[in-house]
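Undergrad: This is a predicted model, with the sequence first.
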Amino acid sequence: MEIRKFRTNYGLELITASHAGISVGDLVWDPLAGSPGFSHPGMPNTIYTAFLDAGLIDEEEFKTFRKECQKIKLAPAQLADKKVDVNSELIAELQHPTLGKIEGNFKLDSISKFRFGELQVREMDDLLRVKIDQYLELMKAKKWQEYDGRIRRVNMITELYYGSIKLVVERALSGNLDAALEKSGVKFIARAEGSKSVEYEFAHEEVPFAMRIEKVKRFNG
């Protein structure tokens, strides 16, 4: 499935920058136009930061919240489509670290095909959703000013999607890509040669390419 259709069909947002450190529970500003942003004036970076700032939790509870969100394990994504094709004009825009290392030594527009495969997801579980929802209700009841002014209009990440990267180049260009990979130190996990092309597969490196975001004001545990 083509990546824009993938986004529309599953109600996901593309992450068009390298964000290896993000986790579920992080807050995102979704503008009227353009890509979602991970920072905005006055917006906390995580939902549990908002609870800490409002005095609803202490530092230890904040650390526990953070660990709960960060320790969520990867699981196979339960989607009908297991492969996502990326148009050539979007390849550089995604800013995946693997691509960034290659780009300095190989022109990305020489790639014939780019695909995310073996899709995996980190998903906020029901217990964590309920816990967050309870604090949101408490914040609305006791700290309305902080809730209304800082997070009511903000979105929260509840799912993050990852996939191994597959690149296909014409056989005549594979030597150039091999040299670029060696020079940049990028390791592939598989390489398959065909009569006219060569396919390379790379690990996802814990970098998500898509996310599900939910409006805080509509969030339900």
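TA: Now that the structure is in, tell me what you want to look at. Numbering: from 1, shown residues only.
Undergrad: Give the full set of residues in contact with the residue nearest to D126 when sequence neighbours are not counted.
TA: Counting by CB to CB, 6 or more residues apart in numbering, G221 is the residue found nearest to D126 once chain neighbours are left out, at 7.4 Å. Using the backbone N, CA and C atoms, a C-beta is placed for each residue, glycine as well. By CB atoms under 8 Å, 6 or more residues apart in numbering, G221 lies in contact with D126, R129, V130, K131, I132, D133, Q134.
Undergrad: how would you label A50: helix, strand or coil?
TA: helix (DSSP: H, G, I helix; E, B strand; the rest coil).
Undergrad: Check which helix or strand the closest residue to it other than its chain neighbours maps to.
TA: Counting by CB to CB, 6+ apart, A50 lies nearest to P44, which is 4.4 Å off, once chain neighbours are set aside. Using DSSP states H and E, P44 sits in no helix or strand.
Undergrad: and P44, how many neighbours does it have?
TA: 19 (other CB atoms under 10 Å).
Undergrad: likewise N220?
TA: 8.
Undergrad: Could you check how far the residue nearest the centre of the chain is from S88?
TA: Centroid check for the chain by CA atoms, centre = their mean gives P208 as the closest residue, at 3.2 Å. To S88, P208 is 21 Å away according to CB to CB, to the nearest Å.
Undergrad: Please tell me which one of the contacts of G221 counts the most neighbours.
TA: I132 (24 neighbours).
Undergrad: Test my guess that that residue contacts L27.
TA: No. The pair I132 / L27 is not scored as a contact, 11.6 Å apart, by CB atoms under 8 Å.
Undergrad: hey, what's in contact with both of those two?
TA: With CB under 8 Å, 6+ apart as the test, I132 and L27 both reach I47, M156.
Undergrad: what lines up beside the longest strand along the chain in the sheet?
TA: Secondary structure of the chain read by DSSP state E shows that its longest strand is strand 155-170. Paired neighbours of strand 155-170 in the sheet (DSSP bridges): strand 27-28 (antiparallel), strand 113-123 (antiparallel), strand 197-202 (antiparallel), strand 210-215 (antiparallel).
Undergrad: Show me which residues of it are buried.
TA: Using 16 or more other CB atoms under 10 Å as the test for burial, strand 155-170 gives 155-169.
Undergrad: coming back round to it: quick check: closest non-adjacent residue to the residue nearest to the centre of the chain.
TA: Using CB to CB, 6+ apart, the nearest residue to P208 is L160, at 4.1 Å.
Undergrad: what number of residues lie near K5?
TA: 12.
Undergrad: I'd like to know how far P36 sits from E2.
TA: P36 is 20 Å from E2, by CB to CB.
Undergrad: Serialize the strands paired with strand 155-170 to CSV and add fields for mean pLDDT, mean neighbour count and distance to T64.
TA: Shown next, in CSV, are those (pLDDT from 0 to 100; neighbours: other CB atoms under 10 Å; distance: least, CB to CB, whole Å):
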stretch, mean pLDDT, mean neighbour count, distance to T64
strand 27-28, 94, 22, 18
strand 113-123, 94, 19, 18
strand 197-202, 95, 18, 34
strand 210-215, 95, 19, 22
